[in-house]
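Peer 1: Sequence first, then the predicted structure, then my questions.
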Amino acid sequence: MDELFVDANVFLRFLTNDLPEKAREVERMLQRAGAGKLKLYTSVLVVAEIVWVLESYYELTREAIGEKILAMLNTPGLMVEDDALIVQCTALYMDKNVDFIDAYNAVWMAAQGLTQAVTFDTKHFDRLQGIKALRPAQVVERQAE
């Protein structure tokens, strides 16, 4: 059985159907994976790229993007790195109005037992329960005490 990595542009053709011929090509491949004839793999970075392109180029809403990501994660025959974390971060991304990457990092932090993030983007991290956002100067000040 073939085991293959799938890049973001392949998923984007399917998710947007902007190029119907390519979307049908991807659909046929996904059907073969669902039938157990292929094993497909992708990474967290691919998912992040998909979100970024759907936001910036296609200008989809967070809800529409979240639905597409969750559907992708439920694709039979597709293994997505850190899929459980991606499900959690997709919920934060949609519900808390934070960047997808910040949401992923928050979920990853929680899995590591981390509760403080050093960032200049405190606006997004402050929206996330259980995380205290600190600026580098605050860390230095605490260390000086």
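Peer 2: Looks like it arrived, so ask away.

Peer 1: any idea of the pLDDT on residue 127?
Peer 2: Predicted confidence (pLDDT) at residue 127: the value is 88.

Peer 1: could you show me where the helices are in the chain, in order?
Peer 2: Along the chain, counting by DSSP state H, helices occupy 8-16, 20-34, 44-56, 62-73, 83-95, 100-112, 122-125, 136-144.

Peer 1: among these, which is nearest residue 2?
Peer 2: helix 20-34 (9.1 Å; Cβ to Cβ). The way it works is simple: take the backbone N, C-alpha and C, and place the C-beta from them, glycine included.

Peer 1: What lies in contact with the closest one?
Peer 2: 10-11, 13-14, 16-17, 38-40, 75-78 (Cβ atoms under 8 Å, 6 or more residues apart in numbering).

Peer 1: does residue 118 really touch residue 136, like I thought?
Peer 2: Yes - Residue 118 lies in contact with residue 136 (Cβ atoms under 8 Å); the separation is 5.9 Å.

Peer 1: buried sites along stretch 90-109?
Peer 2: Neighbour counts over stretch 90-109 (16 or more other Cβ atoms under 10 Å) mark 90, 92-94, 98-107, 109 as buried.

Peer 1: For that stretch, give the mean pLDDT please.
Peer 2: When pLDDT is averaged over stretch 90-109, the result is 95.

Peer 1: Any chance you could list what contacts that stretch?
Peer 2: Among residues not part of stretch 90-109, those counted as contacts by Cβ under 8 Å, 6+ apart are 44, 48, 51-52, 62-63, 65-66, 69-70, 82, 85-86, 88-89, 115, 117, 121, 124-125, 127-128, 131.

Peer 1: That's all I had, so thanks and see you.
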